[in-house]
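J.: Need coordinates for the below:
(4 chains)
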4 protein chains.
Amino acid sequence: MATLTLAEAEAILAGAKAKVIELGVKMSISVVDPRGDLITMFKMDGAPWRTPAVSRGKAVAAASFGTASGKLTENSQAPIFRAFMAMEGGHMIPGQGALPVFKNGELVGAVGGSGGTAQEDEDCSRAGIVAGGFSESA
Amino acid sequence: MATLTLAEAEAILAGAKAKVIELGVKMSISVVDPRGDLITMFKMDGAPWRTPAVSRGKAVAAASFGTASGKLTENSQAPIFRAFMAMEGGHMIPGQGALPVFKNGELVGAVGGSGGTAQEDEDCSRAGIVAGGFSESA
Amino acid sequence: MATLTLAEAEAILAGAKAKVIELGVKMSISVVDPRGDLITMFKMDGAPWRTPAVSRGKAVAAASFGTASGKLTENSQAPIFRAFMAMEGGHMIPGQGALPVFKNGELVGAVGGSGGTAQEDEDCSRAGIVAGGFSESA
Amino acid sequence: MATLTLAEAEAILAGAKAKVIELGVKMSISVVDPRGDLITMFKMDGAPWRTPAVSRGKAVAAASFGTASGKLTENSQAPIFRAFMAMEGGHMIPGQGALPVFKNGELVGAVGGSGGTAQEDEDCSRAGIVAGGFSESA
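T.: Residues are numbered from 1 along each chain as shown, chains lettered A, B, ... in the order given. Next up, the predicted model:
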């Protein structure tokens, strides 16, 4: 299984952080591997305490299904999402804010945000992917 | 309580695997006894990490209710399904992809797939039942 | 992260199964990837229902720490093991019966048994590693 | 898998109840199948609310390991027992009070008591097995 290196994840995180600062929102950003395990993250000063966990939960969803976590919302009442959320103790969130990360067409991780609007969360994730030179789709 | 033997479960798994390979999808298949306990399973190379647990969860639903797990989806918001899912920590999924296994009219287990479309998941489960010489209904 | 392929995991499982049959014990064997996710497993006819989960739990421990799960027992009351067991809902068992699997010096998974004596469980795991042409140490 | 019929479980319960009344303790008795699922049980007037769950938890232990639950206590800090207890959400109690039930040498269930001393709990379980014409060992 290919996975982001720490250096790559740090590049994504730096790009996302620049966008968070530009937007002036109190946000957390999490970068995970394809299994949903954390590689690196930050919580801005004053961001709500729930945002680290929520940003990672969205990233887990994006990594697990290889798609923007926001695309899962419409069908989020489907049994598989409810079951998966229960299995993971809530640490899988099919809500907007995270994007999968692809390198040479292969899923290598995901990045998710929490603390802004759902669109801002996603925009910051996207900024990280662009800054790191990755793609959000295969 | 009658139950699939390991040899019978392996025959079902082999039949399902042949179909998975024919379809060319990255999938996991689980075969369970009538109580939902695993007898045997496989995860194809590259299949998402969620698929072993999801394939078993669907098989648990099919075994527990003696019907195709997809037939439970329409009513999956009913309290009994939501409660049962919670009791089992998510490991009971009333979503399409698993079928009960009957032998001489008696429920002896279930087989479930995850990783393809819901229809592909079910098709592979069915191929296993047919290959093993069993029936998906009493 | 390198990982066992399904074909490699099946070779390990077959080798372990031959040993289980030779010993005449009712046992379950699980083969997992380095993250502890199931690749393939079997439960012998008549093996206790707890054995699939216990065999996998031991394999999770061996994969997570890259050592024989039995070597973890002496220190199993250490906070990290008690905490990790709690985090995983019990699905990490620092007890004898599982071995890590190395290929060219790299950890690629683990195999664990349950249902025999702890030594028999480990012996069957070892037989699988040998049959598959792998090593239990780097 | 052989299992106690309801009629057989009721005979065990009746025998245990006679002993509970003779001892004059406020107790609960649970009879389970080999998988640990409840078949029948009673809670005496005034018995503590925890006793139904505890009597079943001991019976789960006796059924799962095929031995008196009290024999498991000495080794109850072993990783496998702590892990199994966690997996089952506490519903597996390796403490004295329950006995496995054998019929023609085959495990068919277990009976457990809670609310008296540990010895009284076990004595009532034993009285049920004797009254039902079963054995507590293979």
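J.: On the three-state scheme, A:V108 is what?
T.: strand (DSSP: H, G, I helix; E, B strand; the rest coil).
J.: before we move on, what about A:I39?
T.: strand.
J.: now it, nearest residue through space, not along the chain?
T.: Leaving aside its chain neighbours, A:I39 sits nearest to A:A9 (4.1 Å; criterion: C-beta to C-beta, 6 or more residues apart in numbering or on different chains). For the C-beta atoms, the positions are set from N, CA and C on the backbone; glycine is no exception.
J.: part of a helix, is the one you found?
T.: Yes: counting by three-state DSSP, A:A9 falls inside a helix.
J.: which residues touch the residue nearest the centre of chain A?
T.: Central residue of chain A (C-alpha atoms, centre = their mean): A:G112, 1.9 Å from the mean position. Contact analysis of A:G112 by C-beta atoms under 8 Å, 6 or more residues apart in numbering or on different chains lists A:29-30, A:32, A:55-62, A:69, A:97-99, A:121, A:125.
J.: That one belongs to a strand, doesn't it?
T.: Yes: judged by three-state DSSP, A:G112 forms part of a strand.
J.: Which helix or strand contains A:A61?
T.: According to DSSP states H and E, A:A61 maps onto helix A:50-65.
J.: now that helix against strand A:106-114, angle please.
T.: 150 degrees (axes from the mean of the first three to the mean of the last three C-alpha atoms, to 10 degrees).
J.: The residue nearest to the centre of chain A bridge partners, please.
T.: Bridge pairing for A:G112 (DSSP bridges) gives the partners A:S30, A:A98.
J.: distance of it from B:A127?
T.: Remark: distance between A:G112 and B:A127 (C-beta to C-beta, to the nearest Å) = 37 Å.
J.: Equivalent analysis for A:M1, please.
T.: In this view, A:M1 and B:A127 are 27 Å apart by C-beta to C-beta.
J.: Please identify which of these two sits among more neighbours.
T.: B:A127 (23 against 17; other C-beta atoms under 10 Å in any protein chain shown).
J.: ok, the more buried one - contacts?
T.: B:15-16, B:18-19.
J.: can you tell me the distance between the two ends of stretch A:16-31?
T.: 10 Å (C-alpha to C-alpha, to the nearest Å).
J.: swap that for stretch A:29-41, please
T.: 5 Å.
J.: List of residues touching that stretch?
T.: The contact list for stretch A:29-41 (C-beta under 8 Å, 6+ apart) reads A:1-4, A:6, A:9-10, A:12-13, A:16-17, A:20, A:28, A:42, A:52, A:55-56, A:58-60, A:63-64, A:91-92, A:101, A:107-113, A:124-125, A:128, B:49, C:35, C:37.
J.: Do any residues in the worst-scoring helix or strand of chain A on mean pLDDT lie close to chain D?
T.: Here the helix or strand of chain A ranked lowest by mean pLDDT, DSSP states H and E is helix A:79-87, holding a mean of 93. No: using C-beta under 8 Å from any C-beta of the partner chain, helix A:79-87 stays clear of chain D, with a minimum separation of 13.4 Å.
J.: now the angle between helix B:51-65 and that helix, please.
T.: Going by the same axes, to 10 degrees, helix A:79-87 makes 110 degrees with helix B:51-65.
J.: which other residues reach helix A:79-87?
T.: Contacts for helix A:79-87 (C-beta under 8 Å, 6+ apart): A:64, A:72, A:75-76, A:92-94, B:50, B:53-54, B:57, B:72-73, B:76, B:81-82, B:85-86, B:89-95.
J.: So which bits of chain A are right by chain C?
T.: A:1, A:3, A:35, A:37.
J.: Contact partners for A:R50?
T.: A:S114.
J.: Relative to chain D, how far out is it?
T.: 26 Å (C-beta to the nearest C-beta, to the nearest Å).
J.: Just the pLDDT at that residue, thanks.
T.: Looking at A:R50, its pLDDT is 95.
J.: What separation is there between it and A:D123?
T.: 20 Å.
J.: List the contacts of A:K17.
T.: Going by C-beta under 8 Å, 6+ apart, A:K17 touches A:29, A:42, A:128.
J.: relative to helix A:50-65, how tilted is the helix or strand hosting it?
T.: When elements are assigned from DSSP H and E, A:K17 belongs to helix A:6-23. Helix A:6-23 and helix A:50-65 are oriented at 130 degrees to each other (the same axes, to 10 degrees).
J.: Centre of chain A to the edge, which residue is at the far end?
T.: Ranked by distance from the centre of chain A (C-alpha atoms, centre = their mean), the top residue is A:P79, with 22.4 Å.
J.: Now it. Nearest residue, chain neighbours left out?
T.: Among residues not flanking A:P79 along the chain, B:G95 sits closest, at 3.9 Å (C-beta to C-beta, 6+ apart).
J.: try A:V130
T.: Nearest residue to A:V130 in three dimensions, chain neighbours excluded: A:G15, at 6.5 Å (C-beta to C-beta, 6+ apart).
J.: Please work out how many residues are found near that neighbour.
T.: By other C-beta under 10 Å, 23 other residues sit near A:G15.
J.: What residues does it make contact with?
T.: A:127-132 are the contacts of A:G15 under C-beta under 8 Å, 6+ apart.
J.: just the buried members of those residues?
T.: A:127-129, A:131-132 (16 or more other C-beta atoms under 10 Å in any protein chain shown).
J.: Out of those, which is nearest to chain B?
T.: The nearest member of those to chain B, counting by C-beta to the nearest C-beta, is A:I129 at 20.2 Å.
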